[in-house]
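quick check, what structure comes out for this input:
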Amino acid sequence: MSKNRYSATALALAVIGSFFLGALFSRVPVIPPVMATSALPGEGSPSSFSSAARKTMPVVVNVSTTQKSSRTSSAGPFGALDPFEEFFNRFFGDTQREIPQRSLGSGILISKDGEIITNYHVVRNADVIKVKLSDNTEDEARVIGKDERTDLALIKLKKGATQLPVAKLGTSANLDVGDWVMAIGNPFGLELTVTAGIVSAKGRVIGTGPYDNFIQTDASINPGNSGGPLINMQGEVVGVNTAIFSQNGGNIGIGFAIPIDLAKKVVDQLRKNGRVVRGWLGVRVQEASTQVAASLGTRRPGAVAQVTEVTEDSPAAEAGIKPGDLILEFNGKPLPKSQDLRSWVAETPPGQKVTLRTFREKTERNITVKIGELADETETLSQAEGKDIDIGVKVQKVTPEIARRQGLGSAKGVIVTEVQPGSLADQAGIGTGDVIREVNQRPVNTVKDFEQSLRQRRGDRILLLVQRGDNAVFFALRKKG
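Numbers count the residues shown, from 1 in each chain. Below you'll find the predicted structure:
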């Protein structure tokens, strides 16, 4: 009897417990399975990136390059005291050994016959360019044109392809901060890797060149992604991945892409001319704060560009523009940012006349300027002045942007942008990034100064004062023959 009584009591308690539990849970909303497994938060967010990725993968290629470089006894890891070089020179004489240098990047197919957009820095010094398509077929490519200022290049497959997949180029103008985007490329050689994120910012200036206007994204971009596409959720290319912000070479959530609207303009010129022809005004400007503009007597809303330097014999100088002038409008358009003046001038065909609205001495006036053609700041000395002054380097004037980026104390001198393998400069140990302050004890501040000092040397020796990091070092070059 006792056992049956306990059983009945347990049954009664179970029924009562079920009743209360049912009442409790009946007040808690149940999350449907489809809601619980939603892939991404936020209104309008996609449940999958697979469709857009599938559309774009066939147009993404792997770009690998090889550059031959010669090393002599002065260029070893121990410099002139390299014991391995000493051993080879003792038994085999003074030798030059070619050491291939390789780089890896990505590219975007934009025509059925094999035109590919990639980064300038991927193919800059390449002797051989090899392209691997998404179907694993391989081909060599040749350079159609390249533009260092925007870090873009156009290459083309050598074989006569006719039916290759082609990327759908969208527009970067419609991108908004917060939009979902994907990066596709070959980071660290891992082919066709897809990463996703959002547009973090637009119009970023990071000091890599005069026309910085990057899309910032937190989609992972790593070495090897350079030249690959940044795509929107419709599978359209909206940018060309080009740079990362990193202290260790890896992604930390900040990547940068060239807007596709800019890339399309550059590629059109590279296809036609092999280079980009840009307009030139001949001024250096800075943003004038509201307080500075007001102190000069104008309360114009928006950005105001203040002229800090006018190049001699430039279109601006001929038109009467002077340091201290404020530029308020370009062809009737107010400047969104002072840096936009440079881009607008560059996009203006040389020879075309434009109207600048300026402010000086509390008076606004219109000035008509005939835009010139921007010369290439990076010049090959052997092409400019012949073999007599060819020491095998390309140099560029040190601008305030370069000085800031390189951590230099001043913008004096010319910076070495390229060293020809086996040249006098290479043999002496001059490297890319070195800043040449003097040639034969003559200060140099421009490419022209550098060339003139080389031409005016005496004898067959050239003495260079070079800044490398925090150190100033003299290099002696001897012209052979």
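
give me the neighbour count for residue 332.
Residue 332 is flanked by 9 other residues according to other C-beta atoms under 10 Å. Where C-beta positions appear, they are placed from N, C-alpha and C, glycine not excepted.

before we move on, what about residue 165?
Neighbour number of residue 165 under other C-beta under 10 Å is 15.

surely it forms part of a strand?
No. Using DSSP: H, G, I helix; E, B strand; the rest coil, the assignment for residue 165 is coil, not a strand.

for the stretch 301-450 of the chain, which segments count as helices?
315-319, 340-346, 381-385, 400-406, 424-428, 447-455 (DSSP state H, counting those that start in this stretch).

chain center to the fifth one, what's the gap?
Spelled out, that is helix 424-428. 28 Å (C-alpha atoms, centre = their mean, to the nearest Å).

same question for the helix or strand where residue 286 lies, mean pLDDT?
Using DSSP states H and E, residue 286 sits within strand 283-287. Across strand 283-287, pLDDT averages out at 84.

C-terminal to that strand, what's the next element?
helix 290-295.

which parts of that next one are buried?
residue 293 (16 or more other C-beta atoms under 10 Å).

chain center to that helix: distance?
34 Å.

one more: stretch 147-159?
13 Å.

do the same with stretch 465-474
That offset, for stretch 465-474, works out to 27 Å (C-alpha atoms, centre = their mean).

which residues are in contact with it?
For stretch 465-474, contacts defined as C-beta atoms under 8 Å, 6 or more residues apart in numbering pick out 408, 413, 430-431, 433-439, 441, 463-464, 475.

at 10 Å what do you get?
398, 406-410, 412-413, 415-416, 428-431, 433-444, 463-464, 475 (C-beta atoms under 10 Å, 6 or more residues apart in numbering).

highest average neighbour count across the helices of the stretch 301-450 of the chain?
Stretch with highest mean neighbour count among these: helix 424-428 (a mean of 22; mean count of other C-beta atoms under 10 Å).

other SSEs contacting it?
strand 60-71, strand 393-397, strand 414-419, strand 461-468, strand 471-478 (3 or more C-beta pairs under 10 Å, 6 or more residues apart in numbering; DSSP states H and E).

quick one: which of those is nearest residue 238?
strand 60-71 (14.3 Å; C-beta to C-beta).

circling back: who wins for proximity to residue 273 among the helices of the stretch 301-450 of the chain?
helix 340-346 (14.6 Å).

contacts for that closest one next, please.
Contacts of helix 340-346 (C-beta under 10 Å, 6+ apart): 149-150, 203, 210-213, 262, 265, 276-285, 303, 305, 307, 315-316, 327, 330-331, 333-337, 354, 356, 369, 371-372, 374.

lowest-scoring secondary structure element of the chain by mean pLDDT?
helix 33-36 (a mean of 30; mean pLDDT, DSSP states H and E).

please save the CA atoms from the next helix or strand after that helix in PDB.
Where DSSP H and E defines the elements, the next helix or strand beyond helix 33-36 is helix 50-56. The C-alpha trace of helix 50-56 is given here as PDB (Å, rounded to 0.1, in the frame of the first residue of the first chain):
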ATOM      1  CA  SER A  50      28.300  32.300 -52.500                       C
ATOM      2  CA  SER A  51      26.300  33.600 -55.500                       C
ATOM      3  CA  ALA A  52      28.400  36.800 -55.900                       C
ATOM      4  CA  ALA A  53      31.700  34.800 -55.300                       C
ATOM      5  CA  ARG A  54      30.700  32.200 -57.900                       C
ATOM      6  CA  LYS A  55      30.100  34.900 -60.500                       C
ATOM      7  CA  THR A  56      33.500  36.500 -59.900                       C
END
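
other SSEs contacting helix 50-56?
By 3+ C-beta pairs under 10 Å, 6+ apart, helix 50-56 packs against strand 180-185, strand 193-204, strand 229-231.

now mean pLDDT and distance to residue 158 too, for the ones you listed, in a markdown table please.
Converted to a markdown table, the helices and strands packed on helix 50-56 look like this (pLDDT from 0 to 100; distance: least, C-beta to C-beta, whole Å):
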| stretch | mean pLDDT | distance to residue 158 |
| --- | --- | --- |
| strand 180-185 | 95 | 23 |
| strand 193-204 | 93 | 27 |
| strand 229-231 | 97 | 23 |
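
make TSV out of those and add distance to residue 104 and mean neighbour count.
TSV is the format used below for the helices and strands packed on helix 50-56 (distance: least, C-beta to C-beta, whole Å; neighbours: other C-beta atoms under 10 Å):
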stretch	distance to residue 104	mean neighbour count
strand 180-185	10	24
strand 193-204	13	18
strand 229-231	16	31
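
can I get these in a markdown table including distance to residue 110?
Formatted as a markdown table, the helices and strands packed on helix 50-56 follow (distance: least, C-beta to C-beta, whole Å):
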| stretch | distance to residue 110 |
| --- | --- |
| strand 180-185 | 15 |
| strand 193-204 | 20 |
| strand 229-231 | 10 |
